[in-house]
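Colleague: Predicted coordinates and the sequence they were generated for:
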Amino acid sequence: MWGPGDLPVRRRSAELTGRGAECGVLGRLVEAVRSGESRALVVHGEPGVGKTALLDHVAEHAPGCRVTRVAGVQSEMELAFAGLHQFCVLMLERVDALPAPQRDALRTTFGMSAGPAPDRFLVGLAVLSLLSQVADEQPLICLVDDRQWLDSASAQVLAFVARRLGTESVGLIFAARTPSGDLAGIPKLPVEGLPDADARTLLATVLGGPIDTRVRDQIVAETRGNPLALTELPRGLTLPEVAGGFGLPGPVPLAGSIEESFQRRVAALPHRTRALLLLAAADPTGDPALVWRAAVRFGTGAE
């Protein structure tokens, strides 16, 4: 994938380097849910700091719990309740067991029944009741990633639910860039850049060769300990630049440097592979079958 002389970078998941404290907080939340309590939490920090990796960690370390995930989709921000539908879709078979006002409100919200726009208070109560029903059978962990890209109606309802959790054995964890006003009153867990020592450790795990200490320290300083930047920025450097101490040409804007790294990786792919990537990026549903049908129409086969 890389040109001659480019620095080899190990493909290794090391996003949780230096995140012992954060993992401890999340682990205690899971234990509380398993013991019959409910908890809500907002994990927040800048892009690339590792919020999704922490949600992955929760999903992988929640024994005995049912885990459900939803992610905000930027292209659906103008569609009312789009995120909430994604959140509830696997629970909708339980709708008929809800109290009638809640049942009717939720069925109308999701287009399952005709009627005037329902009261959002009833919609929130209906979602809370759904979660409680599921948790009666098995403790439930709900992970909401990219909260900043949820449509406002869904965001309001889920925040409403988070503030009213009691003893339902439900954990509701949001990941967001900044904690918005509607998340007021919900405990927060800030995720910041890694300390220098942990940043150097992470950098060492992803590099495939030696690195000059001056270059290492410059990369750590330029990235401010951002894990995604630490793993992506070195991809644009050659072995002589890293091992010989030539370093970076100067201060590099963090977001721009990461985007350029991804652009280089995409540009190295065959034309049809790039077309397939574009189709996948344009698809708002996350349905692989739909993407493949579109790919075949554009002349891109599975090979």
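Modeller: Everything's here; your move.

Colleague: And the helices in the stretch 201-303 of the chain, which stretches?
Modeller: Using DSSP state H, counting those that start in this stretch, the helices found in the stretch 201-303 of the chain span residues 213-223, 227-232, 239-243, 254-267, 271-282, 288-297.

Colleague: quick one: which of those helices is nearest residue 74?
Modeller: Across these, residue 74 has its closest neighbour in helix 271-282 (11.1 Å, C-beta to C-beta). Placement of C-beta: from N, CA and C, glycine included.

Colleague: Show me what that closest one is packed against.
Modeller: helix 254-267, helix 288-297 (3 or more C-beta pairs under 8 Å, 6 or more residues apart in numbering; DSSP states H and E).

Colleague: related to what we said a few turns ago, can I get the helices of the stretch 201-303 of the chain in a markdown table including mean neighbour count, mean pLDDT and distance to residue 111?
Modeller: Shown next, in a markdown table, are these (neighbours: other C-beta atoms under 10 Å; pLDDT from 0 to 100; distance: least, C-beta to C-beta, whole Å):
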| stretch | mean neighbour count | mean pLDDT | distance to residue 111 |
| --- | --- | --- | --- |
| helix 213-223 | 18 | 83 | 45 |
| helix 227-232 | 24 | 86 | 37 |
| helix 239-243 | 17 | 61 | 55 |
| helix 254-267 | 14 | 71 | 37 |
| helix 271-282 | 13 | 88 | 24 |
| helix 288-297 | 13 | 89 | 20 |
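
Colleague: can I get those in CSV with distance to residue 82?
Modeller: As requested, the helices of the stretch 201-303 of the chain are exported to CSV (distance: least, C-beta to C-beta, whole Å):
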stretch, distance to residue 82
helix 213-223, 34
helix 227-232, 27
helix 239-243, 44
helix 254-267, 26
helix 271-282, 16
helix 288-297, 17
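
Colleague: Let me know which of these is the nearest to residue 24.
Modeller: Closest to residue 24 of those is helix 227-232 (C-beta to C-beta; 17.9 Å).

Colleague: re the thing from before, let's have the helices and strands packed on helix 271-282 in TSV, adding distance to residue 158.
Modeller: Below are the helices and strands packed on helix 271-282 laid out as TSV (distance: least, C-beta to C-beta, whole Å):
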stretch	distance to residue 158
helix 254-267	28
helix 288-297	26
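
Colleague: For residue 79, which non-adjacent residue is spatially closest?
Modeller: residue 151 (5.7 Å; C-beta to C-beta, 6 or more residues apart in numbering).

Colleague: quick revisit: the helices and strands packed on helix 271-282: which one's closest to residue 45?
Modeller: helix 254-267 (13.5 Å).

Colleague: circling back to that earlier point, right, and the helices of the stretch 201-303 of the chain - which one's nearest residue 185?
Modeller: Comparing these by C-beta to C-beta, helix 227-232 comes nearest, at 29.2 Å.

Colleague: Which elements pack onto that closest one?
Modeller: Applying 3+ C-beta pairs under 8 Å, 6+ apart, one finds that helix 227-232 contacts helix 196-206, helix 213-223, helix 254-267.

Colleague: Relative to residue 19, which of these is closest?
Modeller: helix 196-206 (8.4 Å).

Colleague: Next, the contact list for the closest residue to residue 191 other than its chain neighbours, please.
Modeller: In space, and not counting its chain neighbours, residue 191 is closest to residue 45: 3.6 Å by C-beta to C-beta, 6+ apart. Residue 45 makes contacts with 51, 177, 190-192, as judged by C-beta atoms under 8 Å, 6 or more residues apart in numbering.

Colleague: Now that residue 47 has come up, it's in contact with residue 232, right?
Modeller: No: contact status for residue 47 versus residue 232: not in contact, 11.7 Å apart, counting by C-beta atoms under 8 Å.

Colleague: how long is stretch 178-192 from one end to the other?
Modeller: 12 Å (C-alpha to C-alpha, to the nearest Å).

Colleague: now that stretch, how far from the chain's geometric center?
Modeller: In terms of C-alpha atoms, centre = their mean, to the nearest Å, the gap separating the centre of stretch 178-192 from the centre of its chain is 15 Å.

Colleague: what's the answer for stretch 168-187, then?
Modeller: Per C-alpha atoms, centre = their mean, the centroid offset for stretch 168-187 relative to its chain is 14 Å.

Colleague: Over to stretch 187-198?
Modeller: Distance, centroid of stretch 187-198 to centroid of chain: 16 Å (C-alpha atoms, centre = their mean).

Colleague: now swap in stretch 21-32 and tell me
Modeller: Remark: stretch 21-32 is offset 18 Å from the chain centroid, using C-alpha atoms, centre = their mean.
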